[in-house]
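[1] Kindly return the folded structure for what I paste below:
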Amino acid sequence: MRDGQDSAGLSDDRVAEIRRTTGGGPVVVAFSGGLDSSTVAALARDALGARNVLLVTVNMGAYAYRRGNAIVREMAEQLGIEQRCLLGQKMQHTVQRGGPACNRCTRQIKLGLVKAAARGRLVLTGSNRSDTWGQLGVKISNGFYAPLLELDKPQIRRLAEELRLCVPRIGEHSGREGCKLKHLLKPLINPEYHGQAVAVANEALLDTLAVAKFTAELANVKIAGPLGRNIALVNVRPALPADLRTAVADALRDLPAIDEVRFIEGPTRLVVKAGPALAGDPAGRAWVEHGRLAGDFAWPIEVEWRFSDDGRLHTFHVLDAVPLGVGRIQNPSARRASQ
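    Residues are numbered from 1 along each chain as shown. Next comes the predicted model:
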């Protein structure tokens, strides 16, 4: 589909492609209840019949939004397809111990568990141009098939409308799926401290906004800071009125795992430590800054990189966040590595 092309009739093309690719056989859909996987599930149902489609969801327990768990069930019922749930929370404690690792989580936990449950059946995913898997450009690989691979989010939304899907918002952002752990910007060393902080803080924020009937375009709590101190970075767009800001701050300060609360209320500089592999990969650092971090902050960010030779840090660790304009700290190791 060309950019800007009208989506009318696109579902017919995708249904025909799914029939050709699968040979009409039974399939499994890696299902989160979000826009992408729900669209794929509807296409597979129309192509193969509901009895030949199984929705498999990997539930991340405390790291899944409470509303998201209900949405999975609602969407499966709306689609009229059988749905099965697998548990992946404990696996996160291993995968994220070396720092934030969304791609590894997707490969090892989400897709890994779904593939095992598929027992040889082709697994359909919602991967598309808006995610890193889609950017690889591989539509069928190792038992996985991505019918939406060349589409972007606006195109997928138009396709969902054509399919008459009503997909509720899962988490903090209309364009994001429902994972709270992506907001933990440090290694998950202690689940009862680091994991608990990101799990309860994001629910507390959304609950407080819901009580106030405040509709946010973006609303999340990032957990940053040294390993021994959880700093809650509150991102809400549009900006909160003063009374609601106070209510949010009070709700977060009441949480035992939160040590400090800061609101992101202007352009921000993040102080980020990079592990050895990331320190030597300029493209990887650019992706972390612009692809992994920037989209979930309420204001523009820039990153001050600090390079570490600690092999236990596999990815990155956000140590601090300060308003832009505050004096920049020159870091000799970062300066040498960039020369």
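
[2] residue ranges of the strands in the stretch 1-150 of the chain, please?
    Along the stretch 1-150 of the chain, counting by DSSP state E, counting those that start in this stretch, strands occupy 27-30, 53-59, 82-87, 122-124, 140-141, 144-145.

[3] Please list the residues outside the third one that contact it.
    This points to strand 82-87. With Cβ atoms under 8 Å, 6 or more residues apart in numbering as the test, strand 82-87 has contacts from 31, 50, 53-59, 61, 72-73, 76, 113-114, 117. Using the backbone N, CA and C atoms, a C-beta is placed for each residue, glycine as well.

[4] again with the fifth one
    Taking contacts as Cβ under 8 Å, 6+ apart, the residues outside strand 140-141 that touch it are 21, 146.

[5] Give the partner strands of that strand in its sheet and their orientations.
    Here strand 140-141 is paired, per DSSP bridges, with strand 144-145 (antiparallel).

[6] The third one too?
    Each strand that strand 82-87 pairs with, and the sense of that pairing, follows from DSSP bridges: strand 53-59 (parallel).

[7] For the partner strand, C-alpha coordinates in CSV please.
    Below are the C-alpha coordinates for strand 53-59, written out as CSV (Å, rounded to 0.1, in the frame of the first residue of the first chain):
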residue,chain,number,x,y,z
VAL,A,53,-7.7,-19.0,14.6
LEU,A,54,-6.5,-19.1,18.2
LEU,A,55,-5.6,-15.9,20.0
VAL,A,56,-2.7,-16.3,22.4
THR,A,57,-1.9,-13.6,24.9
VAL,A,58,1.2,-13.3,27.1
ASN,A,59,0.1,-11.7,30.3
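
[8] what distance separates that strand from the centre of its chain?
    17 Å (Cα atoms, centre = their mean, to the nearest Å).

[9] Show me which positions of it end up buried.
    Using 16 or more other Cβ atoms under 10 Å as the test for burial, strand 53-59 gives 53-58.

[10] Now that we have these, can you turn them into JSON lines and tack on pLDDT and distance to residue 296?
    Shown next, in JSON lines, are the buried residues of strand 53-59 (pLDDT from 0 to 100; distance: Cβ to Cβ, whole Å):
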{"residue": "53", "pLDDT": "98", "distance to residue 296": "32"}
{"residue": "54", "pLDDT": "97", "distance to residue 296": "32"}
{"residue": "55", "pLDDT": "97", "distance to residue 296": "27"}
{"residue": "56", "pLDDT": "96", "distance to residue 296": "27"}
{"residue": "57", "pLDDT": "93", "distance to residue 296": "23"}
{"residue": "58", "pLDDT": "92", "distance to residue 296": "21"}
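
[11] between these, which is nearest residue 109?
    Distance to residue 109 across the buried residues of strand 53-59 (Cβ to Cβ) is lowest for residue 58, with 6.2 Å.

[12] Touching, that closest one and residue 114? I think so.
    Yes: Residue 58 sits in contact with residue 114 when judged by Cβ atoms under 8 Å, with a separation of 6.5 Å.

[13] overlap in contacts of these two?
    By Cβ under 8 Å, 6+ apart, the residues touching both residue 58 and residue 114 are 30, 86.

[14] circling back to that earlier point, and the contacts of strand 82-87, which is closest to residue 217?
    residue 72 (23.5 Å).

[15] so what's the residue nearest to residue 62 when sequence neighbours are not counted up against?
    Nearest residue to residue 62, sequence neighbours excluded (Cβ to Cβ, 6 or more residues apart in numbering): residue 199, at 4.3 Å. Neighbouring residues of residue 199 by Cβ under 8 Å, 6+ apart: 62-63, 180-181.

[16] which of those tops the neighbour count?
    residue 180 (26 neighbours; other Cβ atoms under 10 Å).

[17] tell me the phi and psi of it?
    phi -80, psi -30 (degrees, to the nearest 10).

[18] Quick one: neighbours of the residue lying closest to residue 193 once chain neighbours are set aside, just the number.
    Once flanking residues are discounted, residue 193 sits nearest to residue 257: 5.6 Å by Cβ to Cβ, 6+ apart. For residue 257, the count of nearby residues is 18 (other Cβ under 10 Å).

[19] ditto for residue 310
    11.

[20] quick one: secondary structure of it?
    At residue 310 the chain is in coil, as set by DSSP: H, G, I helix; E, B strand; the rest coil.

[21] Look up how far residue 278 lies from it.
    12 Å (Cβ to Cβ, to the nearest Å).

[22] so residue 264 makes contact with residue 296?
    No: the pair residue 264 / residue 296 is not scored as a contact, 10.2 Å apart, by Cβ under 8 Å.
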